[in-house]
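Chemist: Give me the fold of what follows.
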Amino acid sequence: MIVNEGLRREIGTWGLVANSINIIIGAGIFILPALVAERLGSGSLVAYLICGLLMLLIMICFADVGKKITVTGGAYSYIETAFGKFAGFLTANIFIFGAAVMANAAVANGLADTLSYFFPLFKQLWIRILFFAIMFGSLAYFNVRGIKGAMTIVKFNTLAKLVPLLMITVLGWFFFKRSDIVLTARNSIGDIGEISLILLFAFVGAETALNVSGEIKDPERTIPRGIIISVAIVVILYMMIQLVVQTILGGSIAGHKDAPLAETAKIMFGTSGTLIVIIGAAFSMFGNISGMVLNMPRILYAAARDNIIPSKSIASIHPLFKTPHVAIIIYSFLGFIFASIGEFRQLAMLSSASYLIIYLGVALSVIKLKYSDNSMGGRRRIVRIFLLPVITSAGIIWVLTNLPKNELAGMAIFIGILSTVWIIISIARKHNY
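Modeler: So this is what the prediction gives:
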């Protein structure tokens, strides 16, 4: 079902690949190698393979449903089309207030941790809170004043993230010790599952590239190819980085949780290498935050405009700057609050869980939409409907079961509150009519 929205379809396969990779590679990979190695040791690559395989299955589901629903909106459009307005309401709010805000807060903590490598003051709570206030306040200010200045910030950060990663990945092999590569199988399923939940934070985001589905040319061919290629490239890159970092740092990796890549670069190239990685990581993380503060308030604004969120004030437009200033301020304030009260590991886990709930909705959408497609029959129908999305759904549910009880209860309460709000909105609308 290719819908003509009046947008020009100019994004090809490699344009989609570049967009996806740029979105996926953010803050996580600069922090996570030490956390993964501390828990899993030499079995870390197993978690990467599991996450990579699960993300590949998830993205195939996205590609499958993306070929049928090509309007702008990505996961929100897919789930709402398959299951209706209530499911769309849950998706929009979980995405905005769960996945996006928590991700911003986690990345902000990751940025403070990385800066603490050179500036130990960033380990102090009051310094971090002041830093978060200045950062989110400044981003809100520039975004309220106009999108042109905000886009300049985003563009400035785009390429800087790749320099230190490629430097470590390519040149790190000259420091590689084959004797250090010893794979073991002593890790429990629970260990791998819990770390996979955290590690997924470094993989999420490829689906965001499908928010521009209305501008992708030949979507039935471009979407599957672009998404699968981009996820495969990222998985290979991440595994190579983990191998290099883990073998170079060896047993000392657990002592460098704040900036494992920076310490690796220090051993490889001295202080200058560390400086390059710190600067690249800072640009990558700040670029991720600035991009989210630029884009996500627009979704919050649109949700309020379309009455998905029951507050017309959030849909207000600034009379002078013509920006959704209320949505920008609310989103930035929430990012500041959660960054101030959380820490990277916890926030990354909650963000990953929120993303996984949305991914589960997309996998179930594939089943629903294909079941409704009467053109498919026999064995092919059964395999296409159930095999891939059911395996994907089972994998997502397994990873979610490794969420700690407190966080799992919190997610359940959050969904319960959203459901109650939807019921209230529905009753109020019926009375108005």
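Chemist: For residue 29, see how far away the residue nearest to residue 165 when sequence neighbours are not counted is.
Modeler: Nearest non-adjacent residue to residue 165, counting by Cβ to Cβ, 6 or more residues apart in numbering: residue 241, 6.5 Å away. In short, each C-beta sits where N, CA and C put it, glycine included. Noted for residue 241: a distance of 6 Å to residue 29, by Cβ to Cβ, to the nearest Å.
Chemist: which residues are in contact with both of the two?
Modeler: 165, 261 (Cβ atoms under 8 Å, 6 or more residues apart in numbering).
Chemist: burial count for residue 240?
Modeler: 16 (other Cβ atoms under 10 Å).
Chemist: Looks to me like it is in a helix.
Modeler: Yes. Counting by DSSP: H, G, I helix; E, B strand; the rest coil, residue 240 is located in a helix.
Chemist: what helix or strand is the closest residue to it other than its chain neighbours on?
Modeler: Nearest non-adjacent residue to residue 240, counting by Cβ to Cβ, 6+ apart: residue 169, 4.9 Å away. Using DSSP states H and E, the element containing residue 169 is helix 162-171.
Chemist: For whichever helix or strand comes after that helix, buried residues please.
Modeler: Sequence order places helix 189-199 as the next helix or strand after helix 162-171, per DSSP H and E. Residues 191, 192, 193, 194, 195, 196, 197, 198, 199 are the ones in helix 189-199 that count as buried (16 or more other Cβ atoms under 10 Å).
Chemist: again, but for stretch 221-231
Modeler: Those would be 222, 223, 224, 225, 226, 227, 228, 229, 230, 231, for stretch 221-231 by 16+ other Cβ under 10 Å.
Chemist: next one: stretch 275-288
Modeler: Those buried within stretch 275-288 under the rule 16+ other Cβ under 10 Å are 275-278, 280-288.
Chemist: now that stretch: how far from the chain's centre is it?
Modeler: 17 Å (Cα atoms, centre = their mean, to the nearest Å).
Chemist: export it as CSV, just CAs?
Modeler: Taking C-alpha atoms only, stretch 275-288 is exported to CSV below (Å, rounded to 0.1, in the frame of the first residue of the first chain):
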residue,chain,number,x,y,z
LEU,A,275,41.9,13.3,23.4
ILE,A,276,40.6,12.4,20.0
VAL,A,277,38.3,9.7,21.5
ILE,A,278,37.0,11.9,24.2
ILE,A,279,36.2,14.7,21.8
GLY,A,280,34.6,12.3,19.3
ALA,A,281,32.6,10.7,22.0
ALA,A,282,31.5,14.0,23.4
PHE,A,283,30.4,15.2,19.9
SER,A,284,28.6,11.9,19.3
MET,A,285,26.7,12.0,22.6
PHE,A,286,25.9,15.7,22.4
GLY,A,287,24.9,15.3,18.8
ASN,A,288,22.5,12.5,19.8
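Chemist: So residue 317, which state does it fall into?
Modeler: Under three-state DSSP, residue 317 comes out as coil.
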